[in-house]
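>>> Okay, structure incoming, though there's no sequence with it:
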């Protein structure tokens, strides 16, 4: 891991994801979490203030120890108990069917093996559990898509493995989930990186 990836990039992510538009999306999706919650890609902990008394506990999973260290500081200021898991999404260290809600915000774009991670999420979710997500990905406009595909490699190398051309809803459906709510729209910002998928999915029996 380079010095940039270890020390500089985590701080850039924390600053970039504090923007008003990201905060608006967090305020819509995160408060819907209940019970035992697993947050995939907790990052620097920017979702933590949005959990309310309906949440019993949050398991915050992230492979980046630097980001977890930042999240631990934010966890001191919230009332919900948080346990941090320094693991990748492809290998979740939790028992089968123990989680009520999974929260995933701007995470699936950077997981190296998203289908494997989603299969793990389905494994730990209770049969009646739900996956709440906000992700950016492949846009519907062919012209935007072409540029997303052209620039994805370079963008990924500069942004910690983030991909701008993943079809988020299809990834979720093909990994054993049924999407029961889905809103797709451009958020404010460059169209290459601002097409949002927001919704709720349930594991298929």
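Perfect, thanks for sending it. Bear in mind that the values here come from a model prediction, so they are computed numbers and not experimental data. Residues are numbered from 1 along each chain as shown.
>>> Mind listing residues that contact the longest helix anywhere in the chain?
Assignment by DSSP state H gives helix 142-158 as the longest helix of the chain. Taking contacts as Cβ atoms under 8 Å, 6 or more residues apart in numbering, the residues outside helix 142-158 that touch it are 138, 139, 162, 163, 164, 165, 191, 192, 193, 195. From N, CA and C alone the C-beta is placed, and that goes for glycine too.
>>> In strands only, show me those.
Assignment to strands by DSSP state E places the following of the contacts of helix 142-158 there: residue 195.
>>> coming back round to it: after the longest helix of the chain, next one along is what?
With elements assigned by DSSP states H and E, the helix or strand that comes after helix 142-158 is helix 168-173.
>>> buried sites along that next one?
For helix 168-173, the buried set under the neighbour-count rule, 16 or more other Cβ atoms under 10 Å, comprises 168, 169, 171, 172, 173.
>>> Of the residues you listed, just say which sits nearest to residue 91.
Top of the list for closeness to residue 91, among these and by Cβ to Cβ, is residue 171 at 18.1 Å.
>>> Tell me the gap between stretch 137-155 and the middle of its chain.
Between the mean C-alpha location of stretch 137-155 and the chain-wide mean there is a distance of 20 Å, by Cα atoms, centre = their mean, to the nearest Å.
>>> and if you look at stretch 189-197?
Taking Cα atoms, centre = their mean, one finds stretch 189-197 lying 15 Å from the centre of the chain it belongs to.
>>> Kindly report the same for stretch 96-113.
For stretch 96-113, the separation from the chain centroid amounts to 6 Å (computed by Cα atoms, centre = their mean).
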